[in-house]
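Participant: please work out how this folds:
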Amino acid sequence: MISKRVAKVIEIKSQSDLIQDIRVDIKGRIEKAYNYVQLTGIAQVGDEVVVNTTAVELSLGTGGFHFVITNYNRPESKFTEGGHIMKLRYTPFQIKVDSVEEQGSPYHDIFNDFICLEGMPVAVGALHSIVPVFAATFKKLCPDKKLVYIMSDGAALPIAFSKNVDNLKNMGLIDNTITYGNAFGGDYECINIYTSLITAKEICKADCVLVAMGPGIAGTGTKYGFSGIDQAVIIDAVEKLNGKSYIIPRISFADKRSRHKGISHHTLTILSELTNKSTNVVLNSLYEPAKLSIIRDQLLLNSIDEKHRVDFEEYDMTKEDLDKYGLKVKSMGRSFEEDKEFFEAAATVAYKISKLF
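Facilitator: Next comes the predicted model:
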């Protein structure tokens, strides 16, 4: 059973066509909530709404906000025209999308005629917080090349929840977005990672693609129990379609958990056990000697270079890339200065890919 409460909308802090950041009164307490316009319509000050309070009551980071379930003042709505593919299927919030693959789509025949990705570079990340870093470095180095972001359904499902993506699109650092699986709200809707990659290549005309889940990640401290495990499936899809995949390794020396020190056990498990295809593993050689030694030992102990193409690059402009576009980044609550190796890992991959052009 979820936890839900009746609340009154007292303020609209910000809104777009897809999402509203609102403040609600719950029994005299003013609290933050989000309202997805595609699911529950536009909310107005004074409306009485029901909000899902489960994650906040559990003090969770992933999903840790109130979300509007229904609006008593506007209980009815009508679906928009076009499309027949359902996402969030068989839930009270199942939503109809205009999927690019479906038979009524003007793009339908593209998927039957598709041959291969022709070596298109695809960076595959885990945490959503790598998105602004990769985009900043890639676009600074390749301002005329088209970058497409594909959001998986490994974490947040509505792309509207990502303020990063909205900001990056407005700045021209991301050219198009694609959402697949049960993720929704991208410029293009797809059913799976394979058709998403084809959409990026044939419809968006991407020069480079970045694939990563939305905000939030589920982890359990177990070897296979984390949502970022889908990196393995994504890498295999890219290589199967004759693309050129690059994993963005999860690296940190600020995380206090030993399993995430240096190269995270998430990345090591994916590379050593779960991918069927080889990928490009690009690492920064400018880390402090002691830190670099830990990384090299991890690669050796897990036989990563026996299965994958490991390369070291020198790149020290990550902070300058972010500053150029006025971007502030955080991951797991840590800023660039507090966890710079994490962010530099994404920029180094972007730098490597930029050398292809």
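
Participant: skipping adjacent residues, who's closest to Gln44 in space?
Facilitator: Excluding its sequence neighbours, the residue lying closest to Gln44 (C-beta to C-beta, 6 or more residues apart in numbering) is Val9, at 6.7 Å. Every residue, glycine included, has its C-beta placed from N, CA and C.

Participant: the one you found touches Val50, doesn't it?
Facilitator: No. Checked against C-beta atoms under 8 Å, the pair Val9 and Val50 is beyond contact range at 11.5 Å.

Participant: higher neighbour count, these two?
Facilitator: Set Val9 next to Val50 and count neighbours by other C-beta atoms under 10 Å: Val9 wins out with 23 against 16.

Participant: packing partners of the host helix or strand of the more buried one?
Facilitator: Taking DSSP states H and E as the criterion, Val9 maps to strand 4-15. On a contact count with 3 or more C-beta pairs under 8 Å, 6 or more residues apart in numbering; DSSP states H and E, strand 4-15 meets strand 19-26, strand 29-36, strand 48-52.

Participant: the shortest one pairs with which strands, and in what direction?
Facilitator: As defined by DSSP bridges, the strand partners of strand 48-52 come to strand 4-15 (antiparallel), strand 66-71 (antiparallel).

Participant: any idea what Lys87 is bridged to?
Facilitator: Judged by DSSP bridges, the bridge partners of Lys87 are Ile95.

Participant: still on that earlier bit, rebuild the helices and strands packed on strand 4-15 as JSON lines, extending it with distance to Thr177 and mean pLDDT.
Facilitator: Below are the helices and strands packed on strand 4-15 laid out as JSON lines (distance: least, C-beta to C-beta, whole Å; pLDDT from 0 to 100):
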{"stretch": "strand 19-26", "distance to Thr177": "14", "mean pLDDT": "96"}
{"stretch": "strand 29-36", "distance to Thr177": "16", "mean pLDDT": "95"}
{"stretch": "strand 48-52", "distance to Thr177": "25", "mean pLDDT": "96"}
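
Participant: wait, which of those is closest to Val148?
Facilitator: Each of the helices and strands packed on strand 4-15 has some distance to Val148 by C-beta to C-beta; the shortest is strand 19-26, at 21.3 Å.

Participant: so what strands line up beside that closest one?
Facilitator: Sheet partners assigned to strand 19-26 using DSSP bridges are listed as strand 4-15 (antiparallel), strand 29-36 (antiparallel).

Participant: how far off centre is that strand?
Facilitator: Computed by C-alpha atoms, centre = their mean, to the nearest Å, the chain-centroid distance of strand 19-26 equals 24 Å.
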